[in-house]
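Visitor: Here is a sequence with its predicted model. Questions after.
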Number of protein chains: 2
Amino acid sequence: MHQGCAAVLCVLAVLGLEVAALGECELARLLQDKLRYEMRLQYMKHNFPIDYTLRVQHEEVLRTANVTRLRDGKVSEASLRYLWFHACSQAVLHILEVLPEKHPSRGYTQELSQLLDALGVEYSGYRQSDVDAVVADLVKQLHSGDSRQKAVRPKALLDNCLKVLRMLFGAHCRWDSA
Amino acid sequence: MHQGCAAVLCVLAVLGLEVAALGECELARLLQDKLRYEMRLQYMKHNFPIDYTLRVQHEEVLRTANVTRLRDGKVSEASLRYLWFHACSQAVLHILEVLPEKHPSRGYTQELSQLLDALGVEYSGYRQSDVDAVVADLVKQLHSGDSRQKAVRPKALLDNCLKVLRMLFGAHCRWDSA
């Protein structure tokens, strides 16, 4: 049933129909599909100069190891998904900022951004008090623009987005049992 | 007649036939065609990140103003074409070096490189004594890799290639009277 459902969502996305009405897990599933290896390779590696890096906020590079450490510190799963959403959205926005209107990776990156915006609606009701303090601080730093910067390859940014997405949404959305 | 001739050369190039047998002016004409605005725009601007620059040798950036200055210093036209060939070839090689195998600008840049290689055959008979001393020095510095470096956008490198090509080959090849 999950497979069939995912196929319908793909068709919806292809048709350009509104994705904002979809739920958190359906949007995360679409993002997982769009972040698959062949697409990251083509759009984030082949289409960029060798060794090209972007300067991003240190907190934007959210790795599975960071999530494991936060989990060990008893940060809630909902807070972690909230953090992932902010880190991944910022990363995608930074990639979009360096792409000219007619760059061959522009359309792909815009589609990622639209899916993340739709997912953002899910998290827009969160208030600072709903989120663990450590995560609220990280999100604040992520958007402040005045913390340490880091040079990262565009594909590495999306590699992290996907790995952490799988880590946080797999069990939550019961993908493993599909 | 020139128009017809250029069309035949284009067909030869499209068919991938040997261009090495073509003369200096025919090769310069093919290069001029391949360096036209729409192609430089697509392959050297749209397909690169915004504000992307390459670090190149200072002498690789050969502008029309440099050529005017050298002409005022009584440097021969043949020496100037020899200098242009070396500057432009190095610039194209530097662009190729930063492009992954599957980058959408790779094929275009390789074709430029092949046309320049074919043109290089025309100049391969030159010895240092055939070239004005000031140009011989500039070519040496250009290949030494130890002079000052400069950050330049890929399109700017090819803009210069084309402008100086027109300046040096227009009258030499009698394109103006075509």
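Guide: Nice, I can see it. Every value quoted in this text rests on a predicted model; they were computed, and no experiment measured them.
Visitor: tell me which strands and helices whichever strand or helix holds A:Met167 is in contact with?
Guide: Assignment of secondary structure by DSSP states H and E places A:Met167 within helix A:154-169. Using 3 or more C-beta pairs under 8 Å, 6 or more residues apart in numbering or on different chains; DSSP states H and E as the contact test, the elements touching helix A:154-169 are helix A:24-34, helix A:37-41, strand A:54-57, helix A:64-72, helix A:77-97. C-beta coordinates here come from the backbone N, C-alpha and C atoms, glycine included.
Visitor: Recalculate using a threshold of 7 Å.
Guide: Helix A:154-169 is packed against helix A:24-34, helix A:37-41, helix A:64-72, helix A:77-97, with contacts defined by 3 or more C-beta pairs under 7 Å, 6 or more residues apart in numbering or on different chains; DSSP states H and E.
Visitor: I'd like to check what contacts the shortest one. Which residues are they?
Guide: Contact with helix A:37-41 is made by A:108, A:155, A:158-159, as judged by C-beta atoms under 7 Å, 6 or more residues apart in numbering or on different chains.
Visitor: In TSV: the helices and strands packed on helix A:154-169, plus mean pLDDT and mean neighbour count.
Guide: Formatted as TSV, the helices and strands packed on helix A:154-169 follow (pLDDT from 0 to 100; neighbours: other C-beta atoms under 10 Å in any protein chain shown):
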stretch	mean pLDDT	mean neighbour count
helix A:24-34	95	19
helix A:37-41	97	13
helix A:64-72	95	14
helix A:77-97	95	20
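Visitor: Among those helices, which comes closest to B:Leu116?
Guide: Between B:Leu116 and those, the shortest separation by C-beta to C-beta is 30.5 Å, and it involves helix A:37-41.
Visitor: what distance separates the closest one from the middle of the whole chain?
Guide: How far helix A:37-41 lies from its chain's middle: 15 Å, per C-alpha atoms, centre = their mean, to the nearest Å.
Visitor: For the residue nearest to the spatial centre of chain A, give me its contacts.
Guide: Note on chain A: the residue nearest the mean C-alpha position is A:Cys88, at 3.4 Å, using C-alpha atoms, centre = their mean. Residues counted as contacts of A:Cys88 (C-beta under 7 Å, 6+ apart) are A:116, A:161.
Visitor: With respect to A:Arg55, which of the helices and strands packed on helix A:154-169 lies nearest?
Guide: Among the helices and strands packed on helix A:154-169, the nearest to A:Arg55 by C-beta to C-beta is helix A:77-97 (8.4 Å).
Visitor: near chain B, which residues of chain A?
Guide: Where proximity means C-beta under 7 Å from any C-beta of the partner chain, the interface of chain A facing chain B comprises A:45-50, A:52, A:98-100, A:102-104.
Visitor: Can you lay out these as TSV showing distance to B:Leu112 and pLDDT?
Guide: Formatted as TSV, the residues of chain A next to chain B follow (distance: C-beta to C-beta, whole Å; pLDDT from 0 to 100):
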residue	distance to B:Leu112	pLDDT
A:Lys45	23	98
A:His46	20	98
A:Asn47	19	98
A:Phe48	20	98
A:Pro49	17	98
A:Ile50	18	98
A:Tyr52	21	98
A:Val98	25	98
A:Leu99	24	98
A:Pro100	21	98
A:Lys102	20	98
A:His103	20	98
A:Pro104	19	98
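Visitor: can you tell me which two in those residues are farthest apart?
Guide: Largest pairwise distance in these, by C-beta to C-beta, is 21.2 Å, between A:Ile50 and A:Lys102.
Visitor: re earlier: JSON lines for the contacts of helix A:37-41, including pLDDT and neighbour count?
Guide: Formatted as JSON lines, the entries for the contacts of helix A:37-41 read as follows, by pLDDT from 0 to 100; neighbours: other C-beta under 10 Å:
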{"residue": "A:Tyr108", "pLDDT": "98", "neighbour count": "19"}
{"residue": "A:Lys155", "pLDDT": "98", "neighbour count": "19"}
{"residue": "A:Leu158", "pLDDT": "98", "neighbour count": "23"}
{"residue": "A:Asp159", "pLDDT": "97", "neighbour count": "17"}
